[in-house]
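**Student:** coords below, sequence missing:
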C-alpha cells in the first residue's frame, strides 16, 4: 500500500487554507461560521491521528470530533488530501526549535536531527507521510528555513545544502518508521522485546544449526546480548546519525567543489 502523500489535493484550496492567517479572509463562503474554525478542526484531527493513527482521520471521524456533520466539515476543508497537508503543517509549526547559531556545525545538524526525532515521537503518524511534494504552508517553510541555517556558512552551494538537509531528514524519517513499527509490534503482541525473545529464542535455537550460518549466529547473538533486541531505537539512532555526520564532513571539512568556492580571477580570461 502506498504511503499517504502531501500536496495531492487542489493546490489553490490547499494553499489558501495553509496560509489563511497571512491572506485576506478565506473563511468558508457557505455553512455556519460561529463555533467552528479550520484551526479547531486541525487540532482535533491531529489529536485523533496521535491517538489512533492516520487511518482513523476520516472526514466523518473528524466531523464527529468537532461536533458537526460531515457535510458541514466539507465547507471548511474540501477533503482528506487538504486536511493531511493542514495536519502536517500544523505539527511543523508547533515544533520546538533549538538555538544553536554559535555552535559547531555537527552540533547544529545534530540538533536538527533531534528536533525531527522528537516530532516523530510526538506524532508517529507523521513519519509515514511522503513529502516528496511538500506541503507548501508556513509551518513547512519555517521548518525548512530553520533547518537550512544549520548548514549555512559552511562553503556549500545552495543545491548541496538542500541535498545535505534532505539526507539528514531522510535518515531520521527512516529511523522513525522503524521505531513506529517496533512500537506497534510491542502493542499488538503485548510483549516487549525481551519477552518476545524469551519465547522465540529457545525455539530458534532448536531449529538453527550455527555451523550453517556462522556469521548470522555469531553477530546476531552479540548484537542481541548488547542491546536486548534485534533492533534498539536509541543505539540505531546514535549510530546512524554519527555516520550521517561523518558523511557530511567529507564535503564540509575536506576541500572540494562543494566546500571551497572557486578562486576569483585576477586577470581577464584569454
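**Tutor:** Sure, I can see it. Since the structure is predicted, the reported quantities are computational estimates derived from the model, not experimental observations.

**Student:** What is the subsequent helix or strand relative to the longest helix along the chain?
**Tutor:** What stands out as the longest helix in the chain, according to DSSP state H, is helix 158-189. The C-terminal neighbour of helix 158-189 among helices and strands, as given by DSSP states H and E, is helix 193-207.

**Student:** now that next one against helix 158-189, angle please.
**Tutor:** 80 degrees (axes from the mean of the first three to the mean of the last three C-alpha atoms, to 10 degrees).

**Student:** name the helices or strands packed onto helix 193-207?
**Tutor:** helix 158-189 (3 or more C-beta pairs under 8 Å, 6 or more residues apart in numbering; DSSP states H and E). For glycine as for every other residue, the C-beta is placed from the backbone atoms N, C-alpha and C.

**Student:** quick revisit: just the buried residues of the longest helix of the chain, please?
**Tutor:** Neighbour-count burial for helix 158-189, counted by 16 or more other C-beta atoms under 10 Å, picks out 160-161, 164-165, 168-169, 171-173, 175-176, 179-180, 182.

**Student:** want to try JSON lines for these, with distance to residue 223 and pLDDT as columns?
**Tutor:** What follows is these, written out as JSON lines (distance: C-beta to C-beta, whole Å; pLDDT from 0 to 100):
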{"residue": "160", "distance to residue 223": "35", "pLDDT": "97"}
{"residue": "161", "distance to residue 223": "35", "pLDDT": "97"}
{"residue": "164", "distance to residue 223": "30", "pLDDT": "97"}
{"residue": "165", "distance to residue 223": "31", "pLDDT": "98"}
{"residue": "168", "distance to residue 223": "25", "pLDDT": "98"}
{"residue": "169", "distance to residue 223": "27", "pLDDT": "98"}
{"residue": "171", "distance to residue 223": "20", "pLDDT": "97"}
{"residue": "172", "distance to residue 223": "22", "pLDDT": "98"}
{"residue": "173", "distance to residue 223": "23", "pLDDT": "97"}
{"residue": "175", "distance to residue 223": "17", "pLDDT": "95"}
{"residue": "176", "distance to residue 223": "21", "pLDDT": "96"}
{"residue": "179", "distance to residue 223": "17", "pLDDT": "91"}
{"residue": "180", "distance to residue 223": "21", "pLDDT": "89"}
{"residue": "182", "distance to residue 223": "15", "pLDDT": "84"}
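
**Student:** Identify, from those, the entry nearest to residue 199.
**Tutor:** Proximity of these to residue 199 (C-beta to C-beta) peaks at residue 182, which lies at 16.6 Å.

**Student:** tell me the contacts of the closest one?
**Tutor:** For residue 182, the contact set (C-beta atoms under 8 Å, 6 or more residues apart in numbering) comprises 193, 231, 233.

**Student:** Just the residues contacting the helix or strand bottoming out on mean pLDDT in the chain, thanks.
**Tutor:** Lowest by mean pLDDT, DSSP states H and E among the helices and strands of the chain is helix 193-207, with a mean of 80. With C-beta under 8 Å, 6+ apart as the test, helix 193-207 has contacts from 182, 185, 186, 189, 191, 224, 228, 229, 230, 232.

**Student:** Check stretch 13-23 too.
**Tutor:** With C-beta under 8 Å, 6+ apart, stretch 13-23 has contacts from 7, 26-27, 38, 77-78, 81-82, 85-86, 89, 135-138.

**Student:** Any quick ChimeraX command for the buried ones out of those?
**Tutor:** A single ChimeraX command selects the buried members of the contacts of stretch 13-23 (16+ other C-beta under 10 Å):
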select :7,38,77,78,81,82,85,86,89,135,136,137
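
**Student:** Sweet, I'm off.
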